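Participant: Build me a model from this:
(chains A and B)
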Amino acid sequence: MKKSFKLVALILALVMVAGSFAACKKNDSGKDTADKGQTSNEQKGTEDSKKDDKGSATEQVTIEWWTPNWDEKESREMADEFMAEHPNIKVNLVITEWDTYKNKIMAAISTNNAPQLYTILTTDVAQFAKLGLLSPLDELGAQAGINFDDMLEAALDIASVDGKIYGVPFRHDGSGVWYNVDMLNQVGYNEFPKTWDELITMCEKIKQAGIVEYANAWPLGNQPNAVTRMVQQLYSLGGDVLNKDETECLLDSPEAVQALTNIVENLQNGYASPSSLEMDNTILRDTFGAEKLAFYIGGPFDAGTLESEYPNLNFASAVIPGKDGMGVTTSNGWTIAMAEKTTNKEEAALFLQYLTLPENQARLTDSFPASKTALEYEQFSTKYLKPFAEQLTKSKPEPAYAKWPEMEPIIFNYMQYALSGSMTPEEACKAMTADINAILQ
Amino acid sequence: MKRLSLSKDEKKALIYLLPGFIVTALLIIYPLYYIITMSFSNNAINQSGFAGIANYTKLFKNPQFSKAIVNTAKFTGFSVAGAYVLGYILALAINRRSIKLKGLWRSLIFISWIIPGVVKATSWKWLFRTDGGMFNHLLQSVGLISSEVPWLTSPKFAMWAIIIVQIWATAPYVMLLMTAGLQQISKELYESADLDGAGFLHKLKYITLPLTKDITFICILMLLVWAINEFSLIWIMTTGGQNTSTLSLLVYNQFKMLNLNMASASAVMQLIVTMFFAAFYVKLTVKED
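Facilitator: Numbers count the residues shown, from 1 in each chain, chains lettered A, B, ... in the order given. A predicted model of the protein is given here:
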């Protein structure tokens, strides 16, 4: 009895070990058909090989694209279309989310045999590329037929490091103003003010008229949203965050103090809602949609939501008011990049070429594509988008310094000190400059 | 030198201990070794090389590090003390003979412990809202405050708001362990004390506290470790803003900028801080014994 039990145990153990080896062997091939986490577009059937266009039997190659959830529908459609055209290439999608996409991608892209393609913020490209995690695409992309000459130079510049292109931008946009036409009409404005001083005058009129409790609000409860607004103010006033060689922080400049003062005074004078300190861009848009604000600074991608979710809202867009006219917006966008330590790069480049065709860029964006050809499409010249296109002519890329992820929380923290009245804008700017200089050394 | 000699049974036992040792090595010892190695390496995912103490020097020069240490100490000190005192009071209250439906009360109080961290943090974030938050509404209704307090949007209050939530979340754990401890104490001791005319405070000081010392030790040690490593609560409620960034958030921020070596150095410092607190507390306890 004891012997037979041992025998059964031994057989079971052998079966388990054999099973593990079989599974490992299957995965090692890199051309598996196994499902992975949130992957989709599962292959119909489980065969490892298929016939290609010419009818010869070739092994099927699997590539993976990490794409954000707001692009999920279009991404699935395009992957299906591409697979129909290239039966020897299987595309798996991994759906990412705004809050966690960067950390997840960072973990995946750092491994050997990493997934192939990733949708990332254009300003993240330099950070990944400098660590040797991205494939240069100049040659690989050109071979696959990617037309880099058709890309907006401003977008391509952000996606390039030391003269090499590390990502193909497909969306490029900046901020602008959304305003409530009826509310502005009530205080005698047929169009949005052109300068910051005129804007403040309008805010005072709105406050005096009591049309709405607060004229505007800021997304100051969210770190990247809040810091972006301060940087836009700073750029509009002619200042900058760091010097050219990124060795010295310039946030104690008079321009930076004024930039922060503009936001602080806007709140302290009762023009902006105190709830700004708990808002992000989404809450801000919804508050405007609910007609609790006369205007806010937001992105062109809000147009669709404002139109569909608030059908009775009479709204329009405008450029950001600056010191003597149109202010400066920060610009950024989305780019598809390829991992350096990955396989099947040629197939991935083919798919990348397909994704970044002008017509597909137009499908993937609610704001503006990075393709010059696609930018000419009618859908990007609506009355809502025109001011945003005009604003892009006066734009600067969002900060993409190597130490930016460490700098951003510092700026945010001291902004909050100034906004809560614990520090004056001068003190806050001096303190953030000192802290940033300490990490730059 | 005395040679280690093992009996036949002990040698046999070593084989049985092996699987446990391997699992521990894989899950704890190797990651720890890896993090320590990384903290002394050059920064880059694709490169490695001995960097000496450069990562630590940079870390100590970073003003965010000293702020994170102060914030971690404040958060840990107040939340552990608060949770222990509140948990103990709850345990004493529930252990009273006059209290009925003890199981029900215990379960109700324990809800705050079993709710997932993200849910806790998100709910409290809403409760602490300046404009329309229930916490302000409640305090205004009972006349404790005249105007709304910016709980999470002011550096003056944000850390205290997070400490309140941490106390609320961990006090039930203390209550549960202390209830078990209190039930172990012989009733005869209290009866003798009653006969001697001892009051509540005397009984607490000379019977209850000394006899629950071992459980107190475990409780405080666990609370310390949890508080030092707390991340989700702070991240969700303030993202480390309003001067609430602790060592855990510093590690995360370093990791976010792909600075894995600095993140490792920060993590090692976090480990040292945890061990310092634990060692200090263990020493204190041993001394009392």
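Participant: Look at A:K396 and tell me its secondary structure.
Facilitator: strand (DSSP: H, G, I helix; E, B strand; the rest coil).
Participant: now B:L59
Facilitator: helix.
Participant: all helices in the stretch 51-200 of chain B, in order from the N-terminus.
Facilitator: Using DSSP state H, counting those that start in this stretch, the helices found in the stretch 51-200 of chain B span residues B:54-61, B:63-94, B:102-114, B:117-127, B:134-141, B:158-184, B:187-195, B:200-203.
Participant: how about those, which one is nearest chain A?
Facilitator: helix B:63-94 (4.7 Å; Cβ to the nearest Cβ). C-beta: built from backbone N, CA, C; applies to glycine.
Participant: Where does the prediction get shaky in the stretch 1-150 of chain B?
Facilitator: Along the stretch 1-150 of chain B, segments meeting pLDDT under 70 span B:1-4, B:43-48.
Participant: Just list the residues touching the residue in the stretch 201-350 of chain A positioned nearest to chain B, thanks.
Facilitator: Distances between the stretch 201-350 of chain A and chain B by Cβ to the nearest Cβ are smallest at A:L277, namely 3.7 Å. Neighbouring residues of A:L277 by Cβ atoms under 8 Å, 6 or more residues apart in numbering or on different chains: A:L220, A:G221, A:Q416, A:L419, A:S420, B:T130, B:P150, B:T153.
Participant: quick one: which of those residues is nearest to A:S253?
Facilitator: Among the contacts of A:L277, A:L419 lies closest to A:S253 (Cβ to Cβ), at 19.5 Å.
Participant: Correct me if wrong: that closest one contacts A:N262.
Facilitator: No: the pair A:L419 / A:N262 is not scored as a contact, 11.9 Å apart, by Cβ atoms under 8 Å.
Participant: If you count surrounding residues, which of those two has more?
Facilitator: A direct count of neighbours by other Cβ atoms under 10 Å in any protein chain shown for A:L419 and A:N262 places A:L419 higher, at 27 against 20.
Participant: residue contacts, that one?
Facilitator: For A:L419, the contact set (Cβ under 8 Å, 6+ apart) comprises A:L220, A:I263, A:V264, A:L267, A:L277, B:T153.
Participant: Quick one: name the residues of chain A near chain B.
Facilitator: Taking Cβ under 8 Å from any Cβ of the partner chain as the criterion, chain A approaches chain B at residues A:102-103, A:106, A:110, A:127-128, A:131-133, A:221-223, A:273-275, A:277-278, A:402-406, A:409-410, A:412-413, A:416-417, A:419-420, A:422, A:434-435, A:438-439, A:441.
Participant: Just these: which are in helices?
Facilitator: When the residues of chain A next to chain B are checked against helices (DSSP state H), the matches are A:102-103, A:106, A:127-128, A:223, A:404-406, A:409-410, A:412-413, A:416-417, A:419, A:434-435, A:438-439.
Participant: thinking again about what came up before, quick one, which of the contacts of A:L419 are buried?
Facilitator: Among those, the ones that count as buried by 16 or more other Cβ atoms under 10 Å in any protein chain shown are A:L220, A:I263, A:V264, A:L267, A:L277, B:T153.
Participant: wait, the second one sits on A:M230?
Facilitator: This means A:I263. Yes: using Cβ under 8 Å, A:I263 is in contact with A:M230, at 6.4 Å.
Participant: Within range of chain A, give me the residues from the stretch 101-250 of chain B.
Facilitator: Residues of the stretch 101-250 of chain B lying near chain A (Cβ under 8 Å from any Cβ): B:129-131, B:150, B:152-156, B:239-243, B:245.
Participant: out of the residues you listed, which are inside strands?
Facilitator: When DSSP state E defines the strands, the subset of these inside them is empty.
Participant: of all those residues, which two lie farthest apart?
Facilitator: Farthest pair in these, by Cβ to Cβ: B:D131 and B:S245, 24.6 Å.
Participant: Show me which of these two is the more surrounded one.
Facilitator: For B:D131 versus B:S245, the count of surrounding residues by other Cβ under 10 Å is larger for B:S245: 25 against 14.
Participant: what's the spacing between the residue nearest in space to the middle of chain A and chain B?
Facilitator: Nearest to the geometric centre of chain A sits A:L121, at 4.1 Å (Cα atoms, centre = their mean). Using Cβ to the nearest Cβ, to the nearest Å, we find A:L121 at a distance of 13 Å from chain B.
Participant: Surely that residue and A:S331 touch.
Facilitator: No: contact status for A:L121 versus A:S331: not in contact, 11.4 Å apart, counting by Cβ under 8 Å.
Participant: can you list the helices of the stretch 51-200 of chain B in a markdown table and add mean neighbour count?
Facilitator: Output for these, formatted as a markdown table (neighbours: other Cβ atoms under 10 Å in any protein chain shown):
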| stretch | mean neighbour count |
| --- | --- |
| helix B:54-61 | 17 |
| helix B:63-94 | 19 |
| helix B:102-114 | 13 |
| helix B:117-127 | 16 |
| helix B:134-141 | 14 |
| helix B:158-184 | 21 |
| helix B:187-195 | 11 |
| helix B:200-203 | 11 |
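Participant: Save these as JSON lines, and put in distance to A:I206 too.
Facilitator: Shown next, in JSON lines, are the helices of the stretch 51-200 of chain B (distance: least, Cβ to Cβ, whole Å):
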{"stretch": "helix B:54-61", "distance to A:I206": "48"}
{"stretch": "helix B:63-94", "distance to A:I206": "39"}
{"stretch": "helix B:102-114", "distance to A:I206": "44"}
{"stretch": "helix B:117-127", "distance to A:I206": "29"}
{"stretch": "helix B:134-141", "distance to A:I206": "26"}
{"stretch": "helix B:158-184", "distance to A:I206": "31"}
{"stretch": "helix B:187-195", "distance to A:I206": "70"}
{"stretch": "helix B:200-203", "distance to A:I206": "62"}
